[in-house]
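Asker: Below is the sequence, then the predicted model.
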Amino acid sequence: MNFHLLHPADQICMMMERIYAFGMTTTSGGNLSIKDSDGDIWITPGSIDKGTLTREDIMQVKPDGTVIGPHKPSVELPFHKMVYEKRPDLKAVLHAHPPALVAYSALDKRPQTEMIASVNYICNNVQTAGYALPGSKKLGNLIAQKFEDGSDIVMMASHGVVVGAQNLFDAFMKFETLDYCARIEINAAPLGKPRILTPEELNLYYMRSFPQLGDYYPGEYGSAERYYRSVMCKFIRRAYNQQLFTSTQGTFSRRLPDGSFIITPYNKDRMYLEPEDIVNIRNGRKEQGKNPSRAVKMHQAIYEKHPDINAVAIAHPPNIMAFAVTGAEFDARLIPESYIMLKQVQRLPYGSNLLEHNQVVDTISMKNPVEIIDNDCVVIAGSGLLNVFDRLEVLEYSAKSVLAAKQLGEPDTITPEEVKEIEAAFQL
């Protein structure tokens, strides 16, 4: 899907539907706008159910102030207009009140994006602004000043967050990423203080170049490849809908019977991926006209070294990432299912998958299929896409259970004797 070719009203409805479905705004809360090439501002209406918006509900505001549509524009229209006036490069503004970010808003703080390099790359200049009455000129001035100073994300004291971008999808990506960062930091609180990456460590991520792969023209896809492309898209959407992936982060790959493999593309919306978006890698070359995940060479090296591994996932879910950013030990001996699926979860230092990936490739296996890379991600191997997805799901749910247990006490784990019993019964 080419989101940017949709009418502004349709773009706003689609994004508000996602924001509402994920519990990142309420029926009456939040507002989105797009400034089109004619200078018109398309904006959500005020006091209309955000869970059932249609394109006919979206209001059009002309440059001369004329309002077209069946409702009143959002009460926050003034600050949207002031942001566009101060920042002509911005064409979309998003404002919402997701619970995790409201927690920071109530404290007049911002999430520590420096915990995770990929988050800091997307949300690298988050500013805070003081409180003012919603819809007031004072609020507009406070927000617009921060945008004029160069910020694209402003945390408003006791209110919420405002994000500006060159298009609505980029605004949503920043908003979603910042919310995900906030949830990780909140989840990390029972485990200890998150480790903040140094400027040198952040630069390791920024220095990571796109993999240099030759192109090839694939011709017609065989039946097996068509099948796995379709299955992969279904699992990507499931991972996204369960918040195991974000809109642009999270990767699956799958080895094909002919020895090539398919992998998630770089920087494409996980919500709407189609089989034709998936990238085939054959003999070290990529499909012509497509860009694979930047981790493609690590996936390739895993398949070359481990012939029994047929699928790999990289993800950053907010519960297991609480362990990744604090260095707290994650023990899979929570319940039998967790140990059976995850076995002994390994730990690798930050940077293991960036400039070099030998450590990841050498240590992952079907016997030890899950690795946590500090302040970065989890890497999961499996016999197929279902197996990898199952492990990812169990890993995140187990982490969530441990964090919940820590609010009540210190969780017990299965004893070594009980582990031996499980290993014998399930031939692990």
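Answerer: Great, that's in hand. Residues are numbered from 1 along each chain as shown.
Asker: domains of this protein?
Answerer: Listed domain ranges for the chain are 3-188, 214-426 (source: automatic domain parsing).
Asker: buried residues in stretch 52-62?
Answerer: 53, 57-61 (16 or more other C-beta atoms under 10 Å). In this view, the C-beta of every residue, glycine as well, is placed from N, C-alpha and C.
Asker: name the element Met16 belongs to?
Answerer: Counting by DSSP states H and E, the element that carries Met16 is helix 8-21.
Asker: contact partners of that helix?
Answerer: Contacts to helix 8-21, defined as C-beta atoms under 8 Å, 6 or more residues apart in numbering, come from residues 3-4, 6, 25, 27, 30, 32-34, 36, 42-44, 50-51, 53-58, 94, 96, 168-169, 172, 175, 271.
Asker: If we use 6 Å, what do you get?
Answerer: For helix 8-21, the external contacting residues (C-beta atoms under 6 Å, 6 or more residues apart in numbering) are 25, 32, 34, 36, 42, 50-51, 53, 55, 58, 96, 168, 172.
Asker: picking up where we left off before, which among the domains of the chain is found nearest to Thr198?
Answerer: domain 3-188 (8.7 Å; C-beta to C-beta).
Asker: Give me the distance between the closest one and the centre of its chain.
Answerer: Distance of domain 3-188 from its chain centroid, counting by C-alpha atoms, centre = their mean, to the nearest Å, is 17 Å.
Asker: Would you mind measuring the gap between the ends of that domain?
Answerer: 35 Å (C-alpha to C-alpha, to the nearest Å).
Asker: Would you mind checking the average pLDDT for it?
Answerer: On average, the pLDDT along domain 3-188 is 95.
Asker: go on, stretch 351-359?
Answerer: 90.
Asker: again with stretch 248-265
Answerer: 97.
Asker: Show me what secondary structure element comes after the helix holding Met16.
Answerer: Taking DSSP H and E, what comes next after helix 8-21 is strand 31-35.
Asker: isn't there a helix covering Lys367?
Answerer: No. Counting by DSSP: H, G, I helix; E, B strand; the rest coil, Lys367 falls outside a helix, being coil.
Asker: how much space between it and Val325?
Answerer: Separation of Lys367 from Val325 (C-beta to C-beta, to the nearest Å) stands at 27 Å.
Asker: In terms of neighbours, single out the busier of these two.
Answerer: Between Lys367 and Val325, counting by other C-beta atoms under 10 Å, Val325 is the more crowded of the two (26 against 10).
Asker: Checking that one next. Helix, strand or coil?
Answerer: Classification of Val325 using three-state DSSP returns helix.
Asker: residues touching it, list them.
Answerer: Per C-beta under 6 Å, 6+ apart, neighbours of Val325: 115, 188, 194, 375.
Asker: same question, Ala322
Answerer: Counting by C-beta under 6 Å, 6+ apart, Ala322 makes contact with 184, 187-188, 191.
Asker: In helices, which of these appear?
Answerer: Taking DSSP state H, the ones among these that sit in helices are 184, 187-188.
Asker: What are the boundaries of the strands in the stretch 201-350 of the chain?
Answerer: For the stretch 201-350 of the chain, applying DSSP state E, counting those that start in this stretch gives strands covering 214-216, 251-255, 261-263, 279-282, 285-287, 311-315, 346-348.
Asker: closest one to Tyr397 among those?
Answerer: When those are compared (using C-beta to C-beta), the closest one is strand 311-315, at 13.0 Å.
Asker: Pull up the pairing partners for that closest one, direction included.
Answerer: strand 251-255 (antiparallel), strand 377-382 (antiparallel) (DSSP bridges).
Asker: Mean neighbour count and distance to Ala144 added to those, as CSV?
Answerer: Supplementary listing: the strands paired with strand 311-315 in CSV, determined by neighbours: other C-beta atoms under 10 Å; distance: least, C-beta to C-beta, whole Å:
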stretch, mean neighbour count, distance to Ala144
strand 251-255, 25, 38
strand 377-382, 25, 36
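Asker: I'd like to know which of those strands is closest to Thr66.
Answerer: In terms of C-beta to C-beta, the element of those nearest to Thr66 is strand 251-255, at 46.6 Å.
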